[in-house]
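Undergrad: Below are the sequence and a predicted model for it; my questions follow.
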Protein chains: 2
Amino acid sequence: MGEDWLDKVKWDESGLVPAIAQETSTNKVLTLAWMNRESLAKTVATGEAHYWSRSRMRLWKKGEQSGHVQKVREVRLDCDEDVVLLKVEQGGGIACHTGRHSCFFQKLENGRWVTVEPVIKDPKEIYGR
Amino acid sequence: MGEDWLDKVKWDESGLVPAIAQETSTNKVLTLAWMNRESLAKTVATGEAHYWSRSRMRLWKKGEQSGHVQKVREVRLDCDEDVVLLKVEQGGGIACHTGRHSCFFQKLENGRWVTVEPVIKDPKEIYGR
């Protein structure tokens, strides 16, 4: 297939767009990460989520270290064509590097961020550190 | 309440973070918009979503023109503290300026972005243009 669909995405001045990953089975929002053209192309070609790490300045496959790969079932683009939404199956049921299901585990309660989701697996075990 | 919770958010070099709005009743991801400190403070103080418009360079209340206000039921922060997730009730059932339920109405199918959600209300009617 051609690359017209990639040209339609409005990459920002750094060549990136935010990509939201939502779990198909639970509808939970798991993560927001960043994609460049190459990572979106690779995500679609392989069916597994690839992102661009802004801190490490490199392409990374979600789960490359942890094994917690995101299988992509659907890819959506928003009205402004500058945000991607992935519907995924989350390998291991753990999307967060803290060992939690979702990265959005801090909830605002009376002016404080409270951790409301448990650690499923100790990150030391996940990353073997 | 104090502003410690606002200090915990890692605003980017432009003073912004992405904010995802997810509908409580359907779990659909409706929008991604941007927030600065003031818009998050105002969102929490009023219980209605306020964002920062990067194109118009000003604070805006979601629905200020359309009437399609987002009532905020929950505010979450991710592990890196640089993305906000709002759980909202979407006024009018229309989050998108195109008159659709969600902004993520374009789905990738065989190398093409296909519009898969209907226009609920003509934008001309919504915005009176």
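TA: Arrived safely.
Undergrad: mind showing which ranges of chain A have poor pLDDT?
TA: Along chain A, segments meeting pLDDT under 70 span A:1, A:129.
Undergrad: Residues of it that sit close to chain B?
TA: A:1-2, A:4-5, A:8, A:18, A:20, A:22, A:27-29, A:31-32, A:44, A:74-81, A:83, A:85, A:96-98, A:100, A:103-108, A:110-113 (C-beta under 8 Å from any C-beta of the partner chain). C-beta coordinates here come from the backbone N, C-alpha and C atoms, glycine included.
Undergrad: what helices or strands is the longest helix belonging to chain A leaning on?
TA: The residue-count maximum for a helix in chain A (DSSP state H) belongs to helix A:37-46. The contact analysis (3 or more C-beta pairs under 8 Å, 6 or more residues apart in numbering or on different chains; DSSP states H and E) places helix A:37-46 against helix A:4-7, strand A:50-53, strand A:58-61, strand A:70-77.
Undergrad: who touches A:Thr31 in this structure?
TA: The contact partners of A:Thr31, by C-beta atoms under 8 Å, 6 or more residues apart in numbering or on different chains, come to A:20-21, A:62, A:95-96, A:102-103, B:78.
Undergrad: That one falls within a strand, correct?
TA: Yes: under DSSP: H, G, I helix; E, B strand; the rest coil, A:Thr31 falls within a strand.
Undergrad: Now do the contacts for A:Cys96.
TA: Taking C-beta under 8 Å, 6+ apart, one finds A:30-31, A:102-103, A:105, B:79 in contact with A:Cys96.
Undergrad: nope, A:Gly15 is what I meant
TA: By C-beta under 8 Å, 6+ apart, A:Gly15 lies in contact with A:36-37.
Undergrad: just the one 3 residues further on next, same as before
TA: Applying C-beta under 8 Å, 6+ apart, one finds that A:Pro18 lies in contact with A:32-35, A:83-84, B:18, B:32.
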